[in-house]
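Trainee: Predicted model follows, preceded by the sequence.
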Amino acid sequence: MHQKQMKLSQSKIPLLDSINLNETINSGQVFLWEKKEKSWYGINGQDIIEISENPLKIKSLSHSEDRFFRFDDSIEEIFTNISRDKIVKNAIKRFRGLRLLRQDPFQCYISFIVSSNSNIQNIKNCLKKICVNFGEKIEFQNYEFHLFPTAEDISKKSIQDLLECGLGYRAKYVKKASQDVVNGKIDFEYLKKVDYHTAKTKLLERFGIGNKVADCILLFSLEKLDSFPLDTWMMKILKKYYYEKIPFEGKTLTPKKYDELHEEIVKYFGPYAGYAQQFLFKMERENYQKKWL
DNA sequence: TACTAACCTGTACG
DNA sequence: ACGTACAGGTTAG
């Protein structure tokens, strides 16, 4: 038993070592990670994940770390598969250590509902308050943490309670979304099993979830690697680098156009289009941020 | 169906 | 100082 565990954790180190944590954590996928002294700590639903450097180690409350970092994906094959042009190839070369994460579905669902028309810092603040105010307090590695609250926890809170987390008009979305999980209108295990289109349709029926938020939830927590969230940044990227390959007409992205564009994108990038999105997004964000430094 | 304005909140500019 | 704009969008008209 002991030996088996040793073997498992040893074999994970090369995989973990190939990851650039800083890049991955700061890629807009996750919002509840912080560095304390020499380790990174992240909240993932009812789990806490720790990554320490020197020596490189990974640890979590409920041993979900292999799933979280998608060690089950054949990353080199995926890189080859999505390298359809120079742009993606260079982005992968530049951010080789960036990884797509497999998040806790409920936390991911709430996180991206909260993200709408907001900014990264504000999103982080809101989610942190949601944890501190409603999540279970846990001691881990001599630090105090708050887990992400469950759907039941949030569904019982008043709008007023939620407003105190800085959610603004999103407070009602968050409450309703939580109730929908409790009453079974949203069933993550079902959504994982069905295909992209079926799962997306279900999510879009919910109040406060539009095309972009639905795609983030699908890509980051529901096994839909063909999801490709189209936000303002991705539209900029498509116009800038893919004008000929994936043309887009018109000023606004209507639901119908969003669908058509997604279809073209999957035709072009293939079944791992979501991975490509992550690298392109990172590339453009990084270019943009440089201007402000 | 396509297009627009309004929307909570915090912060970065002018 | 104080007003305005904007942020990985969504909804209502």
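Mentor: Here it is on my side, so go on. Numbers count the residues shown, from 1 in each chain, chains lettered A, B, ... in the order given.
Trainee: how far away is residue A:287 from residue A:177?
Mentor: 34 Å (CB to CB, to the nearest Å). No exception for glycine: its C-beta is placed from N, CA and C like everyone else's.
Trainee: what does residue A:113 give?
Mentor: 6 Å.
Trainee: so what sits against both of those two?
Mentor: Contact criterion CB atoms under 8 Å, 6 or more residues apart in numbering; residues shared by residue A:113 and residue A:177: A:208, A:209.
Trainee: just the strands in the stretch 51-200 of chain A please.
Mentor: Along the stretch 51-200 of chain A, the segments classed as strands by DSSP state E, counting those that start in this stretch run A:57-60, A:137-140, A:143-146.
Trainee: Give me the helices and strands touching the first one, please.
Mentor: Contacting strand A:57-60 under the criterion 3 or more CB pairs under 8 Å, 6 or more residues apart in numbering; DSSP states H and E are the following elements: helix A:2-17, strand A:47-52, helix A:65-68.
Trainee: At the contact with DNA strand B, which residues of the stretch 101-250 of chain A appear?
Mentor: A:117-119, A:121-122, A:125, A:163, A:166-170, A:250 (CB under 7 Å from any atom of the strand).
Trainee: For ChimeraX, write the selection for the buried entries among these.
Mentor: Applying 16 or more other CB atoms under 10 Å to these leaves a buried subset, and the ChimeraX line that selects it is:
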select /A:118,125,166,167,170
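Trainee: Write out the residues of the stretch 151-293 of chain A neighbouring DNA strand C.
Mentor: Residues of the stretch 151-293 of chain A lying near DNA strand C (CB under 7 Å from any atom of the strand): A:206-214, A:216, A:229, A:231-233, A:281.
Trainee: quick one: the helices in the stretch 51-200 of chain A?
Mentor: A:65-68, A:75-82, A:86-94, A:105-114, A:120-134, A:151-155, A:159-163, A:171-182, A:188-193, A:196-204 (DSSP state H, counting those that start in this stretch).
Trainee: And stretch A:154-168, end to end?
Mentor: 16 Å (CA to CA, to the nearest Å).
Trainee: Low-confidence regions, the stretch 151-293 of chain A specifically.
Mentor: A:290-293 (pLDDT under 70).
Trainee: Just the closest residue of chain A to DNA strand C, please.
Mentor: residue A:28 (1.4 Å; CB to the nearest atom of the strand).
Trainee: I'd assumed residue A:286 was in contact with that residue.
Mentor: No: using CB atoms under 8 Å, residue A:28 is not in contact with residue A:286, being 11.2 Å away.
Trainee: Quick check on the two: which one has the bigger neighbour count.
Mentor: residue A:28 (18 against 15; other CB atoms under 10 Å).
Trainee: Now do the same contact list for the more buried one.
Mentor: A:120, A:281, A:285.
Trainee: Would you mind listing the buried residues in the helix or strand where the second one lies?
Mentor: Assigned by DSSP states H and E, residue A:281 falls within helix A:273-290. Of the residues in helix A:273-290, A:273-285 count as buried by neighbour count, 16+ other CB under 10 Å.
Trainee: That'll do, ta.
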